[in-house]
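**Q** Sequence below, structure please.
(chains A and B)
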Amino acid sequence: MDEGEQARPLTADPAADSAYADAHRQLQDLRALLDRVIVGQGELVTLLITAVFAGGHVLIEGLPGLGKTHLAKALAAALGLHWARVQCTPDLMPADVTGAEIYATAAGGASTFEFRPGPVFAQLVLVDEINRATPRTQSALLEAMQERQVTHAGVSHRLPSPFCVLATQNPIELEGTYPLPEAQLDRFMFKLTVPFPDRGSLRSMLDVSLDAEPADTLQPIAGPADVLRIAELCRTVLLGERCKEAAVDLVVATQPDLSGSDSGARRHIRYGASPRALQAVIRAARVGAVMAGRSHVDIDDLAAVALPVLRHRILLRLESELEGLDADATLASVIDGWRRQF
Amino acid sequence: MMANSIISSLQIAVRRRLWREQFVAAARLALWGSAGLMLLAAVVHLAARPVHVDTVLSALATLWASAMAWAGSRRPSESACALWADRHLGGASAFSTLLEMREGKTMPNAAAMRWLEHWAEARVPDGLRLLGGIHVSARLSRPLLSMLVCTSLATLVLMLSDTAPVAPPKVAAPSSSSVVDHPALDDEPPVSKAIVNELASALRSAESHRASEGRDDGRAPAAGSGRNDVGSEFRMAQPQAAPPSEGTTRGGPLPGITGDAAPTAGAKQASGAGSGRDAGDSRDERADAGVSRVPQSTMQVQRRESSGRRPSLERQADMDQRATFDEDSPMHRTATVREDPAPAAATPPPATDATLLTPTKAAYVQAWMKASRQGH
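**A** Numbers count the residues shown, from 1 in each chain, chains lettered A, B, ... in the order given. This is a model prediction of the structure:
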């Protein structure tokens, strides 16, 4: 190095050399713990941890009985987070989620309106069957997700940190539901699908959760401070030019009208991913790099999170949907073509 | 500094490998180019003009020198080495990111940089081991084989051409026809020569075909005698004709008519005088009246010969050149027959050619006549 490089100041908040090692170890421990509780859903657990530490929200889609609620409870318990659950129904009001002002009388006899926070003021919010809530309630919730604050009667109330929303929806029984509009889907960092566990996992499930609820007895291995620290550390992960180009190319590949788009995207995709998807990919890839014990992002980190980031951010053409194509199949070919370039 | 030296060792090893791959690629390209050059030299040597071996060798030397210079000038850059190490040695973008962060203008996080250096340094031993285990696929066998084959081919072509140079196409000398022996043909325009060549080749093929037929049915000797007779008969009717060349015994062809063309008219005489299929059924009065001095054996053979080919002879009849009977002709014919040696069985006598003019042959004769007139 020359003198100029020697004198070059580093970042204002240098982390300790062991910070990445500690974060890596804690994330590995967390994943191992959840893998023991949530049997046969290793990838789902990894992506869920990634979303939490990347500061994103997750939309989980799966059939009933696959452990979505169980997973949220286990994650909150393992991280020592305050969590709340909202069971969405058509008559659920926004105030039931965000909170409401109530008329309260103090001990001295003075009566005032005071804000009583709703369940959204938890660090980990499980919104069950979010598509059963009315659009008005969904909007109130999604505003809280994006702004991380709730405004009531002209007063803004900050949501706790860390803050993560795990929303679930059922892909069947769509009568009486209100599908989330694309603008609201874009607020979620990931859309995860819960696959049916294989035979071995089903067999192991009997040994783990037949007589007891493991999430109830789970001891936290980290706290909210650890979550914030690791999330802050993830923002310092180095991102090379090659990875930046790759991330941009990934998003561009989903655009049907751009020159660098994939041929499959031009044929099947009506609307591609948004710039918010690009940010989500990078943030999630950084957490993935720390989970892998690195302080730099690799192309594989981008590829690992590409599908859950993009699958709910594209709209297929009607013809393609009639042909039986879905977003996953279309994106799989797009991601394959993108991955071959790097 | 320690980490830098370790990482630099991997970078040097990667650069050496990439540079070697550049040379291998250049050699592969040069091999293909050499093969193509050899083929090109052979084709040019055969088609256009002779190619000297020195020229080919100098072109090969230039090609190889260019290829090697190209490979030598393409020294792999540090970023290329880092990228290759990331892709093939499990670098996971560490080496390229480290290089960028060192050379970049953005201020990276110090802890992240240190962790990255440690991480990259830890990957170097595995990277070197992987680098040693990766087999270099030169893929030189196919271009080398192609170059050897093409070189062998080109060498063969060049050597054969040196020992037996390609002669310009020459008109083959006819065996029995006097067409190409015409002294005036050398001065004729190329078009006339080409027509004459066609005529000669067609006549030779027709002769050989007819000779094989004559040998098959055993009528060649008889036909030969008859041909001489009718030929002399025709020539007696053309007293101004020059003496014929080989194939005619006496008299001369008409101006512009060779000895092969003369029997065409004489065939009419032979046909009308004593031949034809009718000879066996009806009485030939002309034979009785004017050819009484001809030996009987000859006339009988001639009749048999002519009887089988009467239709073609009738088609060749030229009413404009009607032959006249000469009193001396029987004597000449007799003398001619006696003077001529008996034709060999393998070479049909010219008389057969005269009596067996086909329409194709007649067309050639007419074409030749036209060409001769143009030449005169």
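**Q** The stretch 101-250 of chain B against chain A: which residues are in contact?
**A** B:101-102, B:107-116, B:118-119 (C-beta under 8 Å from any C-beta of the partner chain). C-beta: built from backbone N, CA, C; applies to glycine.
**Q** From the residues you listed, list just the buried residues.
**A** Taking 16 or more other C-beta atoms under 10 Å in any protein chain shown as the criterion, what is buried in those is B:101, B:108-116, B:119.
**Q** Kindly reformat these as CSV containing secondary structure, distance to A:Asp300 and pLDDT.
**A** Shown next, in CSV, are those (DSSP: H, G, I helix; E, B strand; the rest coil; distance: C-beta to C-beta, whole Å; pLDDT from 0 to 100):
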residue, secondary structure, distance to A:Asp300, pLDDT
B:Met101, helix, 19, 90
B:Pro108, coil, 21, 84
B:Asn109, coil, 21, 86
B:Ala110, helix, 25, 88
B:Ala111, helix, 23, 89
B:Ala112, helix, 18, 91
B:Met113, helix, 21, 91
B:Arg114, helix, 23, 90
B:Trp115, helix, 18, 91
B:Leu116, helix, 16, 92
B:Trp119, helix, 15, 91
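**Q** nearest to A:Gly293, of the residues of the stretch 101-250 of chain B next to chain A?
**A** B:Trp119 (7.5 Å; C-beta to C-beta).
**Q** got a list of what that closest one touches?
**A** B:Trp119 is in contact with A:293-296, B:94, counting by C-beta atoms under 8 Å, 6 or more residues apart in numbering or on different chains.
**Q** Kindly report the same for B:Met38.
**A** Residues counted as contacts of B:Met38 (C-beta under 8 Å, 6+ apart) are B:56, B:147, B:150-151, B:153-154.
**Q** ChimeraX command to pick out the buried ones of those residues?
**A** Selection of the buried residues among those in ChimeraX, burial being defined by 16+ other C-beta under 10 Å:
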select /B:56,147,150,151,154
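**Q** Put together a markdown table for the contacts of B:Met38, with pLDDT on each row.
**A** Below are those laid out as a markdown table (pLDDT from 0 to 100):
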| residue | pLDDT |
| --- | --- |
| B:Val56 | 90 |
| B:Met147 | 92 |
| B:Cys150 | 93 |
| B:Thr151 | 90 |
| B:Leu153 | 90 |
| B:Ala154 | 89 |
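**Q** Just to be sure, which of the contacts of B:Met38 are found in strands?
**A** Among these, none falls in strands (DSSP state E).
**Q** What's the first helix or strand after the helix or strand hosting A:Leu48?
**A** Per DSSP states H and E, A:Leu48 falls inside helix A:42-54. Downstream of helix A:42-54, the first helix or strand assigned by DSSP H and E is strand A:58-61.
**Q** same for that next one, what does it pack against?
**A** On a contact count with 3 or more C-beta pairs under 8 Å, 6 or more residues apart in numbering or on different chains; DSSP states H and E, strand A:58-61 meets helix A:42-54, strand A:164-169, strand A:190-193.
**Q** Most neighbours of all the contacts of B:Trp119, which one?
**A** Within the contacts of B:Trp119, A:Ser295 tops the neighbour count with 32 neighbours, counted by other C-beta atoms under 10 Å in any protein chain shown.
**Q** picking that back up, so for A:Arg311, which of the helices and strands packed on strand A:58-61 sits nearest?
**A** Of all the helices and strands packed on strand A:58-61, it is strand A:190-193 that lies closest to A:Arg311, at 5.4 Å by C-beta to C-beta.
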